[in-house]
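Peer 1: output the structure for:
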Amino acid sequence: MRHYFENLESQIDLKTLAIFNDLTEAEYAELGKCVSLTRFKKNTVVYHEGSHMGGMYVVLTGILKVYKTGYDGKEQIIRFAKAGDPIAYRSILCGEPACTTAETLYETSLCYVPAEQLTKLIHENNNFAITFLRLACSELGESNSFLLDLAQKTVRERLAEVLLILMETFGIDEENRLKIALTREDLANMVGTATESVIRLLSEFKADKLIELQGRYIKMLNIPQLLKIGNVRV
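Peer 2: Prediction:
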């Protein structure tokens, strides 16, 4: 895995992060003086829902789950953030407390961008502002699709779709295994159902030779059939 730093004192190479592609050389130099590198251990909460954010993060290495917590304390995973993805920017743009919680699934390195610098770039660089507008619109579209799925799809259909989303997001290795290892609870929290239901359905998918279970890893055996079950268009 590529690292964006040699040690904690090294400057982060901002030009490797797609979110900053529209910056000028002067803006890169100014931003480089403000950002900082933060490393988190596995299963560490980076920020909580309701927190007042002083800046946003961009993932350098590792994976985080971004989720909301219901009244019963149950998590609903909204998305996963991987290398290059910004998180917590919505709170800065809206001037509101964080509406989600972010927790690391692996050891993770994050680039921290202070809110003052982010808003300054948005005001002064139109292309950079449009990038964040597109991000916000994309996340809104995903949220709308998720609500529609909860209302109209069965748990079996949603699980098939979630497996396909994970495949699209993280890819599969040479053995067709998803390149992310998740607990059954995390899968259930993404599907929006009980852990017991996901365990039962995974066993059914395995019996139908749609997938193969290898601990926390899942091998995709019949992608066309999963597309059909999940009512996913390609």
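
Peer 1: give the buried residues for stretch 44-61.
Peer 2: Neighbour counts using 16 or more other CB atoms under 10 Å place 46-47, 51, 53, 55-61 of stretch 44-61 among the buried residues. C-beta here means a position set from N, CA and C on the backbone, and glycine is covered the same way.

Peer 1: which of those residues fall within strands?
Peer 2: If you go by DSSP state E, the buried residues of stretch 44-61 have 46-47, 55-61 in strands.

Peer 1: ok, of the buried residues of stretch 44-61, which one's closest to Gln117?
Peer 2: Of all the buried residues of stretch 44-61, Gly55 has the smallest distance to Gln117: 7.8 Å, by CB to CB.

Peer 1: ok, back up a step: could the buried residues of stretch 44-61 be laid out in CSV, adding pLDDT?
Peer 2: Shown next, in CSV, are those (pLDDT from 0 to 100):
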residue, pLDDT
Val46, 96
Tyr47, 95
Ser51, 92
Met53, 91
Gly55, 94
Met56, 94
Tyr57, 96
Val58, 96
Val59, 95
Leu60, 95
Thr61, 94
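
Peer 1: return the member of those nearest to Leu37.
Peer 2: Once CB to CB is applied, the member of the buried residues of stretch 44-61 that ends up nearest Leu37 is Leu60, at 7.4 Å.

Peer 1: the closest one reaches Ala81, doesn't it?
Peer 2: No. Checked against CB atoms under 8 Å, the pair Leu60 and Ala81 is beyond contact range at 11.1 Å.

Peer 1: who does the closest residue to Leu202 other than its chain neighbours form a beta bridge with?
Peer 2: Distances taken as CB to CB, 6 or more residues apart in numbering put Leu213 closest to Leu202, at 6.3 Å, once the chain neighbours are dropped. Counting by DSSP bridges, Leu213 is bridged to Ile218.
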